[in-house]
Structures are given as structure tokens and as C-alpha cells.
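Chemist: For reference, the sequence and a predicted model appear below.
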Amino acid sequence: MANQRKFLLVKAMVTVITTVITATAMSPAFAASADVATQMAVVNEQGTGPMVGQILISESPYGLVFTPSLKGLPPGLHGFHVHENSSCEAKEKDGKKVPALAAGGHYDPAATKQHGLPWGNGHLGDLPALFVDAEGNATQPVLAPRLKMSDLAGRSLMIHAGADNHADHPAPLGGGGPRIVCGVIARGH
Ligand SMILES: [Cu+2]
Ligand SMILES: [Zn+2]
């Protein structure tokens, strides 16, 4: 009797272990372990507010792919960039707290000081604009052909109120205006 109980216990453990191994091997996270999920939150004068979802960053033969799964955003196109610092906090400018200003400017390691196209010669952090549908959801992936995963450690992702014309004219930095949603890119890749 005791032996049979021991046998059943071992059998149950083997089943559990096999299930875990199978699930791990089959999960997409295991197949592409380099993927990085960035949690995105609304930003305001106090800091960060409610979460609106995440953006999955993955490598492709053509550059980095940013796949949003966001909700509750204003419909339309939104300027989308890698900003230089790993902070989404508000910061004071001209005596006023500015949402997510602590994220710094567009990531620009070559100091081009030019806002441009994702495949251009300006800021390396310039990404294609994000599309938000009429229901406020963003699910359409965008490609950044010049970026590598190693560029992203210690930086942040930013979504702006307005769109992006990928130029500094007529308005600087693509004309996207205020920062509305931000996420610090996780380290460890
Ligand atoms: Cu930006
Ligand atoms: Zn830029």
C-alpha cells in the first residue's frame, strides 16, 4: 500500500515536470527570449498615471520591431520615439512641471541634433508614428531599421499627443507636442 502511494506520487511529479518543460519550450517567450516588454503609462505633471498596456520589442533581420498592445489612447497618429533617459517622471521647465520631461530628448548618440526619418541620418531614436484606431487601441507594429537591442538599455519609449512629420519644420521634433504616454525600457538584455 505504502509502495503504491509512493509510486503514484512519483508518477504525479513526473507528469508535472514534463508539463512544465513542454509549456516552457512551446511558449513564444522561450522561442524568442530576447524580446523585451515595456509597460506604458499615462504621464502627467505629478509623474506617471494609469497603465495603458505594453509595447513588445523584438529583433528581426530588418531591425527592431515595436508591437504595441495599448488601449485608451486618443485616436489617430502619434509621434513615437526612443528617448535618452530611463525615467518617465515630470520635470520642471521655466517654473512649470512638464510631463515626462525627465526622459530627456530623442535618443541621439551621434549628436546629429536633427529629427528625421527612422531610416534617415537624424536621431537614432526616431520611430515610425503609432496608429491608434477609432476605439483607442494601438496594435499595429512598426519597424526601426537602424536600432539594435543593445541601444535600448537605460532608455524610455515615448508617445506624443500629436503626429510626426519626421522633420524639424514647421515645428521642432516632428511637431508631436506634449508627451502623453511613457515607459522605461527594462534592463537586462
Ligand atoms: Cu518623443
Ligand atoms: Zn527625433
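Modeler: Great, that's in hand. Ligands and ions are numbered 1, 2, ... in the order given.
Chemist: burial of residue 121, as a residue count?
Modeler: Look at residue 121: counted by other C-beta atoms under 10 Å, it has 11 neighbours. All C-beta spots, glycine's among them, are computed from the backbone N, C-alpha and C.
Chemist: how much space between it and residue 148?
Modeler: Distance check for residue 121 against residue 148: by C-beta to C-beta, to the nearest Å, it reads 17 Å.
Chemist: Over to residue 163?
Modeler: Residue 163 sits 26 Å away from residue 148, taking C-beta to C-beta as the criterion.
Chemist: more crowded one of the two?
Modeler: For residue 163 versus residue 148, neighbours defined as other C-beta under 10 Å are more numerous around residue 163 (18 against 11).
Chemist: Isn't that one up against residue 171?
Modeler: No: in this structure residue 163 lies outside contact range of residue 171 using C-beta atoms under 8 Å: 10.6 Å.
Chemist: Distance of residue 168 relative to ligand 2?
Modeler: Separation of residue 168 from ligand 2 (C-beta to the ion, to the nearest Å) stands at 8 Å.
Chemist: Quick check, that residue in contact with residue 114.
Modeler: Yes: using C-beta under 8 Å, residue 168 makes contact with residue 114 at a distance of 6.6 Å.
Chemist: and the lengthiest strand in the chain, what's its mean pLDDT?
Modeler: As assigned by DSSP state E, the longest strand anywhere in the chain is strand 47-60. For strand 47-60, the mean per-residue pLDDT is 97.
Chemist: Name the residues of this structure found near ligand 1, please.
Modeler: Listed as neighbours of ligand 1 in the chain under the rule C-beta under 5 Å from the ion: 81, 158.
Chemist: which residue ranges form the strands in the chain?
Modeler: So, for the chain - with DSSP E - the strands run 36-44, 47-60, 63-70, 76-78, 80-83, 91-93, 96-98, 130-132, 142-144, 156-160, 179-184.
Chemist: Excluding chain neighbours, give the residue nearest to residue 131 in space.
Modeler: Distances taken as C-beta to C-beta, 6 or more residues apart in numbering put residue 140 closest to residue 131, at 4.8 Å, once the chain neighbours are dropped.
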